[in-house]
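>>> Just to be clear, the model below is a prediction. Sequence and coordinates:
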Amino acid sequence: MSDVFTLLSLPETSKAFTSLSSTVITVAETVSASPPRKTRRLDSDLDSASASRSRRVDNKDSGTIRIKVAGIPLKSSPDNRSDADVALVTRSIRVLLARGSDVLLPATFEQIYGACRSAVTISNKGEGLFTSVKLELEKSVGSLVKDLLVERRADVEWLVPFIEACAWFEKQVGLLRSVLTYLDRIYIMERKDLLSIRELAYDLFSSRVFESGDIMQKLRASIQSWIEWERTNRVGHELRDHVPDLIRHLYDHGQYTRLFEPLYIELTNKYYTAESTERVEKLKETAQEFLHHCQSRRDEEIQRAEICLPQASWAAVVDTTDKSLLTGRLEWLAKDALGELIDTKQETDLADMYMLFARVDGLRILQAAFKLHVQTTVRKIVKDVEHDEDMVPCLLEFKAFGDKLLLNAFADEEPVAGDAAPPSKASTSAIPVPSVPKKVLNKDFGYALIDAFQTGFKARRNKPAEMIAKHLDRAMRKGQKGKKDEDFQAELDAVLGLYRFTDDKDVFRTFYHRALAKRLLLERSASDDFEKAMLKRLKEQYDPEFGMGDHMFNDLALSRDSLQEYIDHRTRVGDAASAQKLSVMVLQRSFWPFAARTEDVDIPPHMQEDLAKYSAFYKSKHQGHKLDWDHALGTALLRARFKNGEKELSVSLYQAVVLLLFNDSTELSFSDTKVQTRMEDAELRRTLQSLACGKKRVLKKHPPGKDVNDGDTFQFNADFTDQRYQVHINSIQAKETLEESKRTQTSIEGDRKHALDAAIVRVMKARKELHYEALKTATIDAVKSHFVPEVSSIKKRIQGLVEQEYLRRDETDMNLYIYVA
């Protein structure tokens, strides 16, 4: 330290006042990342001379002291202060980058920061400092590489020192950037050819560490050891929490997508490809077991990825898992697992299966298997002759489950915009993800379901359409039974959905027409409103010929009016009692599906008399009309006296004719009953069976049994009891017998022949001449809205028309048919 008196006594070579530094240094800072700081006063300002000088200046009463130095001007010497600043910063860099050293920093961070500022901005020593930083970084990185190579820990444990080394280096580089702010933000930024301290440090680290074959081998082995341990043991490793830290360091050094992610994907593919082969070919797992395994593995990978990996890698990892497990297994899974899952109605497993196949582009395989299974199942249901009565309920149940699968399981997930998901522990940023998936119907699977049902129905001609009509008949007779209108309508819609799959529209129409007629005449319909609504839908959406239902309801309305007129007429002539016991429905034969009877049962004389009176009244009103009585659908209400009291029996007219015979006889044989009633043999057996062998036995049969034989005898059952006063026994009328069904089928076949003849003639009349193939195609197109004919039937009808001379063959071309006018 120098004072004034010492300076005055020194020789010429003394530094004199040049040793006194300014107490304040002002630097023009054009670029700086750190805020301006106060510069510490030099120690020279704190000595006694400075204090004395200050006191002299402040003392106004003292005189002015003037000092003059004579002699040769002094030469400037090297700036020891700037050298000291550079030395301080260099020693600090060395200490900061020396891992594991016990040497303390030579100064505080603020002092180091100030020394760097002085060296860069005042002494212009930036180049030297930068060189020092580079040398110390190279030395530090070299030391880290050496430590990692000699590290004795192996496998997953080796990741711990590697992560610690990365964390230490990144921390020290951060400290270095802080204390060397003036070097980093002023000197280096002015030099475009130099890297920033962080870029220089990370570049050196990457070139020495991540380009080191030995270190990369250890790192890859450690990652592989970790992931294979977790996949083998199916639990998280105790060091799993270090993996996100590792990934974060790799991200910082730009090595994640170059090093970790490709390795992770490669290991995933290799592991699950080998596992798939082992479980299927060696362990012989079933298809369902393998599907469950694939789903559980997928869930494990999703969970691991969400915990350890950045969100950007999740999809690639899960996709690789799916493809590695399922490649080469799709057809086997679709063939062996799909059918069983559908049969056992495992909707959740089917949804998982669909999503797995979707992720590996295997939906076409799954769709083909789904179509084949549905087709096989429908064919099996349709061809089960022993369970024809259960055909439609089984088809409805299977179709409902198929529709449910289309909506919930075999549907694609359409992302719906939602809030951004929070970043995972290893994620570097928040990526928006869908919050709620929306199910979108896969149309290909929908078409497959429809095609499969249509093909399955073709396995048995006519019968599915017949059973659908009968099922609708039962539903319309049963009614809602407490159900809401919309629920009942939904049931009817489901049945009509099956009707769309059948080609035999004429069969359905014929059987439905007959069943409707019985419901209306026997008053078994639950609701006329539903009947009319159903007819309207059938007419407008399916077949215009269902318009006959309007005429049927019109006939019933006219019949009620005509009957009321008859009752009024008999009342006026004093015979109201007999008229009120009679109910007559006059029907136009063209609108009702009943053929005229050539013979009918003999009814009792008093009944014949009432019918004759009505016939005379009707003919007086409608001259030229002919009435044919059909007693098959007639009903009667009988009053019977049993030991336990009187009952009213609601029976068919045939049943009434048989029961009235027992007013005159206590016992009748089968043959006697047949002679007195003149009823058809099969009809009489059905009638007697309903009275003597059913649940409500008002007759006794000897010998007992379920069938009626020629030698059986019958007696009135005076011991009959029932809780109700009015007993219904005429349910036999509502049921269609096997004979009736056969007659209906025969009638349908006859109508089809006429329809084919008419279609062929219309086509030939319009085209004049056609080859056989063209005529066949045109004929099918003409009648396909009612039924799809067999080719053999068309060929027979063409041959028949040739024989009837409606058509003729060309003399030179036998396949060419010519219309004969």
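Cool, got the structure.

>>> What residues of the longest helix seen in the chain count as buried?
Assignment by DSSP state H gives helix 738-767 as the longest helix of the chain. Residues 744-745, 748, 752, 755-757, 759-760, 763-764 are the ones in helix 738-767 that count as buried (16 or more other C-beta atoms under 10 Å). Where you see a C-beta, it was placed from the backbone N, CA and C, and this is true even at glycine.

>>> Show me the shaky parts of the stretch 51-200 of the chain.
The stretch 51-200 of the chain contains residues with pLDDT under 70 at 51-79.

>>> any idea where the helices of it begin and end?
Listed in chain order, the helices of the stretch 51-200 of the chain (DSSP state H, counting those that start in this stretch) span 80-96, 109-121, 126-150, 159-179, 181-182, 188-190, 197-205.

>>> who does the fifth one touch, helix- and strand-wise?
Identification of packing neighbours for helix 181-182 by 3 or more C-beta pairs under 8 Å, 6 or more residues apart in numbering; DSSP states H and E yields helix 109-121.

>>> Just the CA atoms of the helix it packs on, as CSV, please.
Output of helix 109-121 as CSV, limited to C-alpha atoms (Å, rounded to 0.1, in the frame of the first residue of the first chain):
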residue,chain,number,x,y,z
PHE,A,109,-19.1,-16.5,-6.1
GLU,A,110,-19.6,-12.7,-6.0
GLN,A,111,-15.8,-12.2,-6.0
ILE,A,112,-15.3,-14.6,-8.8
TYR,A,113,-18.1,-12.9,-10.7
GLY,A,114,-16.5,-9.5,-10.2
ALA,A,115,-13.0,-10.8,-11.2
CYS,A,116,-14.4,-12.2,-14.4
ARG,A,117,-16.2,-8.9,-15.1
SER,A,118,-13.0,-7.0,-14.6
ALA,A,119,-10.9,-9.4,-16.6
VAL,A,120,-13.3,-9.3,-19.6
THR,A,121,-14.4,-5.7,-19.7
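
>>> helices or strands next to it in the packing?
Where contact means 3+ C-beta pairs under 8 Å, 6+ apart, helix 109-121 is packed against helix 80-96, helix 126-150, helix 159-179, helix 181-182.

>>> Which of those sits closest to residue 512?
helix 159-179 (76.3 Å; C-beta to C-beta).

>>> So what touches that closest one?
Residues from elsewhere that reach helix 159-179 (C-beta atoms under 8 Å, 6 or more residues apart in numbering): 89, 92-93, 96-97, 99, 109, 112-113, 116, 133, 140-141, 144, 147-148, 151, 153, 184, 197-198, 201-202, 205, 215, 218-219, 222-223, 226, 239, 242-243, 245-246, 249, 252-253.

>>> Can you report phi and psi for the residue nearest to residue 631 when sequence neighbours are not counted?
If you skip the residues right next to it in sequence, residue 631 has residue 653 as its closest partner in space, 4.8 Å away by C-beta to C-beta, 6 or more residues apart in numbering. In this entry, residue 653 is assigned phi and psi values of phi -60, psi -40 (degrees, to the nearest 10).

>>> Would you check that residue 86 makes contact with residue 119?
Yes: counting by C-beta atoms under 8 Å, residue 86 does reach residue 119; the two are 5.0 Å apart.

>>> These two: who's more crowded?
In terms of neighbours (other C-beta atoms under 10 Å), residue 119 is the more surrounded of residue 86 and residue 119; the figures are 28 against 20.

>>> From residue 83, how far out is that one?
Applying C-beta to C-beta, to the nearest Å, the value for residue 119 to residue 83 is 9 Å.

>>> returning to what we had before: next, show the common contact partners of residue 86 and residue 119.
Common neighbours of residue 86 and residue 119, using C-beta under 8 Å, 6+ apart, are 125, 129.

>>> taking the helices and strands packed on helix 109-121 together, which one is wrapped up most tightly?
For the helices and strands packed on helix 109-121, the largest average neighbour count (mean count of other C-beta atoms under 10 Å) is found in helix 181-182, namely a mean of 22.

>>> Now do the SS call for residue 723.
Following DSSP: H, G, I helix; E, B strand; the rest coil, the label given to residue 723 is coil.

>>> For it, give me the backbone phi and psi.
According to degrees, to the nearest 10, the main-chain angles of residue 723 amount to phi -70, psi -30.

>>> closest one to residue 618 among the helices and strands packed on helix 109-121?
Closest among these, using C-beta to C-beta: helix 159-179, at 104.7 Å.

>>> That closest one: how far from the chain's middle?
50 Å (C-alpha atoms, centre = their mean, to the nearest Å).

>>> could you give the angle of it to helix 197-205?
150 degrees (axes from the mean of the first three to the mean of the last three C-alpha atoms, to 10 degrees).

>>> which sections of the protein are below the confidence cut-off?
For the chain, residues meeting the criterion pLDDT under 70 lie at 1-79, 415-437, 730-737.

>>> Show me where it has its strands.
For the chain, applying DSSP state E gives strands covering 411-414, 438-441, 635-642, 645-652, 667-669, 699-702, 713-716, 726-728, 769-771, 807-809, 816-819.

>>> Turn those strands into TSV, including distance to residue 521.
Listed next are those as TSV, based on distance: least, C-beta to C-beta, whole Å:
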stretch	distance to residue 521
strand 411-414	47
strand 438-441	44
strand 635-642	9
strand 645-652	11
strand 667-669	29
strand 699-702	26
strand 713-716	28
strand 726-728	16
strand 769-771	46
strand 807-809	43
strand 816-819	45
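
>>> for these, which one sits closest to residue 494?
strand 438-441 (18.0 Å).

>>> helices and strands around the closest one, which ones?
Secondary-structure packing of strand 438-441 (3+ C-beta pairs under 8 Å, 6+ apart): strand 411-414.

>>> before we move on, the earlier item: wait, which of the buried residues of helix 738-767 is closest to residue 509?
Of all the buried residues of helix 738-767, residue 748 has the smallest distance to residue 509: 9.4 Å, by C-beta to C-beta.

>>> right, and that closest one touches residue 510 too?
Yes: here residue 748 reaches residue 510: they are 5.5 Å apart, a contact under C-beta under 8 Å.

>>> what do the two both touch?
Counting by C-beta under 8 Å, 6+ apart, residue 748 and residue 510 have no contacts in common.

>>> buried stuff in stretch 567-583?
Judged by neighbour count (16+ other C-beta under 10 Å), stretch 567-583 contains these buried residues: 567, 569-570, 579.

>>> quick one, phi/psi of residue 787?
Main-chain dihedrals, residue 787, degrees, to the nearest 10: phi -160, psi 160.

>>> same deal with residue 584?
Here residue 584 shows phi and psi, under degrees, to the nearest 10, equal to phi -120, psi 140.

>>> Next, the contact list for it, please.
Contacts of residue 584 (C-beta under 8 Å, 6+ apart): 559, 562-563, 566, 611, 614.

>>> Ok, residue 772 next?
With C-beta under 8 Å, 6+ apart, residue 772 has these contacts: 798, 815-817.

>>> cool, residue 617 as well?
Residue 617 sits next to 566, 569 when contact means C-beta under 8 Å, 6+ apart.

>>> how close does residue 538 sit to residue 512?
8 Å.

>>> Just give me the neighbour total for residue 624.
Residue 624 has 5 nearby residues by other C-beta under 10 Å.

>>> Could you do residue 703 as well?
Residue 703, neighbours per other C-beta under 10 Å, totals 8.

>>> Now it: closest residue in space that isn't a chain neighbour?
Among residues not flanking residue 703 along the chain, residue 712 sits closest, at 7.2 Å (C-beta to C-beta, 6+ apart).

>>> What is the burial count for the one you found?
20.

>>> same question, the one 10 residues further on
For residue 722, the tally of surrounding residues (other C-beta under 10 Å) stands at 17.

>>> was I right about it contacting residue 646?
No: the pair residue 722 and residue 646 does not pass the contact test of C-beta under 8 Å, sitting 11.6 Å apart.
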